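*Asks:* Build me a structure from this.
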Amino acid sequence: MASMATSQSVPGRMVAHSMVTTQFELDGFKVVRTLGVVRGIVVRSRSIFGTIGAGLQTILGGNITLLTNLCEKTRAEAFDLMLAHAAELGGNAVVGARYDATEIMQGVTEVLAYGTAVVVEPVK
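*Replies:* All right, here's what the predicted structure looks like:
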């Protein structure tokens, strides 16, 4: 992990998932440069089949797996876009990572993953 943390990002690469935190410090590393806010945005709608399937699942109660899977996939895509954005700026970590979601119109939701891209080095 230390070698990844000290190398410059290569275009087309992403910051490693292990180098992302909701904290403003990354344990075992010191921030040597702050590069700015990075984000990943995904706008997703439910398909008619997904809506019907989820409606049927609500009859039985409990976890609505069709929507849970859709939400998880959307969050993962937004997260990966944020990591790619951080790498494009030359970052090797993201601190202060957060998610936000907004319903743009009925059945259409925007998911935003955002944080601060930084360059970190291992603490010696």
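*Asks:* middle-most residue in the protein, spatially?
*Replies:* Centroid-nearest residue in the chain: residue 79, 1.5 Å away (criterion: CA atoms, centre = their mean).
*Asks:* what separates that one from residue 105, distance-wise?
*Replies:* 24 Å (CB to CB, to the nearest Å). For every residue, glycine as well, the C-beta is placed using N, CA and C.
*Asks:* what's the answer for residue 117, then?
*Replies:* 31 Å.
*Asks:* These two: which is more packed in?
*Replies:* The residue with more neighbours, out of residue 117 and residue 105, is residue 117; 26 against 7, by other CB atoms under 10 Å.
*Asks:* now the end-to-end length of stretch 23-35.
*Replies:* Stretch 23-35 has its terminal residues 16 Å apart, counting by CA to CA, to the nearest Å.
*Asks:* can you give me how far that stretch is from the chain middle?
*Replies:* 18 Å (CA atoms, centre = their mean, to the nearest Å).
*Asks:* same thing with stretch 74-88?
*Replies:* 5 Å.
*Asks:* Next, the buried residues of it.
*Replies:* 74-75, 77-88 (16 or more other CB atoms under 10 Å).
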